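Here is my input; please provide its structure:
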Amino acid sequence: MHRNLITLLILVSIVLAPSILDAQCSMCKLMAENSYKSGSEIGRGLNGGIMYIMGIPYILMLVGGFVLFRKNFGK
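Numbers count the residues shown, from 1 in each chain. Below is the predicted model of the structure:
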């Protein structure tokens, strides 16, 4: 029962998270879109920062997967 409740909470949070996150950042999104369209450096800087923020979790997962692979399948 406890495991089913945790699974349900995780699924609900995954479904609701994108709409909640999008609503929180509407002004930032609008500012970034307008500045990017006008050729401002702010839009490029924001996009570069987002790429770094998105890349770090993937790098961590890649390193973690490699470590687990090496641990399980050895040398």
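
any idea which residue sits dead centre in this protein?
For the chain, the residue nearest the mean C-alpha position is Met54 (5.4 Å; C-alpha atoms, centre = their mean).

Distance-wise, check that one relative to Thr7.
Met54 sits 26 Å away from Thr7, taking C-beta to C-beta, to the nearest Å as the criterion. From N, CA and C alone the C-beta is placed, and that goes for glycine too.

Could you list the alpha-carbon positions for stretch 62-69 in CSV?
The C-alpha coordinates for stretch 62-69 follow below in CSV (Å, rounded to 0.1, in the frame of the first residue of the first chain):
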residue,chain,number,x,y,z
LEU,A,62,26.3,9.5,-17.8
VAL,A,63,29.1,9.4,-15.3
GLY,A,64,26.8,7.5,-12.8
GLY,A,65,25.8,5.0,-15.4
PHE,A,66,29.4,4.5,-16.4
VAL,A,67,30.4,3.9,-12.7
LEU,A,68,27.6,1.4,-12.2
PHE,A,69,28.4,-0.3,-15.5
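
follow-up on the earlier one: pLDDT at the residue nearest to the centre of the chain, what is it?
What the model reports as pLDDT for Met54 is 84.

Name the helix or strand for it, please.
According to DSSP states H and E, Met54 maps onto helix 41-73.

I'd like the distance from that helix to the chain centre, please.
Centroid separation between helix 41-73 and its chain, computed with C-alpha atoms, centre = their mean, to the nearest Å, is 10 Å.

what's it packed up against?
Applying 3 or more C-beta pairs under 8 Å, 6 or more residues apart in numbering; DSSP states H and E, one finds that helix 41-73 contacts helix 26-37.
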